[in-house]
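Colleague: Need coordinates for the below:
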Amino acid sequence: MRTFKHSGSVNSVVFSSDGHYALSGGYDKKVRLWNVKSGRLVHTFYGHRDSVLSVNFSPDGHYVLSGSWDNTVRLWNKDTGKLIHTLKGHSGDIYSVRFSPDGKRILSAGADGIFLWNTETGEHIARMILFKDGEWVTYTPDGYFIASPTG
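Modeller: From the prediction side, this is the model:
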């Protein structure tokens, strides 16, 4: 049995696809990478200005993704700990972050909708807003959109 010491409350944990690593993110604004077998802390990822609510690994295991109350999504190199992109566009807390199965896209979900990003460039591709009545609209930064019948 292993115990991982993440200071403060933890909001999100996830295993890498190979099971060798675990990520944790919490109220202390940090993301931590753990070696599951040894229980050793491998990296601490610094940069968020508020609580980390969601963490994830890329499908190939080379990248780490985090979403925070600071309205940003951050993409990190797992092996070096280097910050690759800070994705800005959300106007509220980010509750969930995920990679596409091929790792080429990122989805981030928050109170202000769901954002689609390009992993390589960090470019914002599209945003979907869901309304309480079940209607929706999706639009791109350059003005294209599609919507439900009355969205």
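
Colleague: tell me the phi and psi of residue 10?
Modeller: Dihedral pair for residue 10: phi -100, psi 130, per degrees, to the nearest 10.

Colleague: can you give me phi and psi for the closest residue to it other than its chain neighbours?
Modeller: Among residues not flanking residue 10 along the chain, residue 26 sits closest, at 4.2 Å (C-beta to C-beta, 6 or more residues apart in numbering). All C-beta atoms are positioned from the backbone trio N, CA, C, and that covers glycine. Main-chain torsions, residue 26, degrees, to the nearest 10: phi -160, psi -160.

Colleague: Show me where this structure has its strands.
Modeller: Here the chain has its strands, by DSSP state E, at 10-15, 21-26, 31-35, 41-45, 52-57, 63-68, 72-77, 83-88, 94-99, 105-110, 113-118, 124-130, 136-139, 145-147.

Colleague: returning to what we had before: is it true that the residue nearest to residue 10 touches residue 51?
Modeller: Yes: with contact defined as C-beta atoms under 8 Å, residue 26 counts as touching residue 51 (6.7 Å).

Colleague: overlap in contacts of these two?
Modeller: Shared contacts of residue 26 and residue 51 (C-beta atoms under 8 Å, 6 or more residues apart in numbering): residue 11.

Colleague: From start to finish, how long is stretch 136-150 in a straight line?
Modeller: Taking C-alpha to C-alpha, to the nearest Å, stretch 136-150 runs 8 Å from one end to the other.

Colleague: got the buried residues for that stretch?
Modeller: residue 138 (16 or more other C-beta atoms under 10 Å).

Colleague: Now it: average pLDDT?
Modeller: Stretch 136-150 carries an average pLDDT of 85.

Colleague: so where's the protein uncertain?
Modeller: Within the chain, the segments meeting pLDDT under 70 span 1-7, 151.

Colleague: Isn't residue 150 up against residue 137?
Modeller: No: in this structure residue 150 lies outside contact range of residue 137 using C-beta under 8 Å: 10.2 Å.
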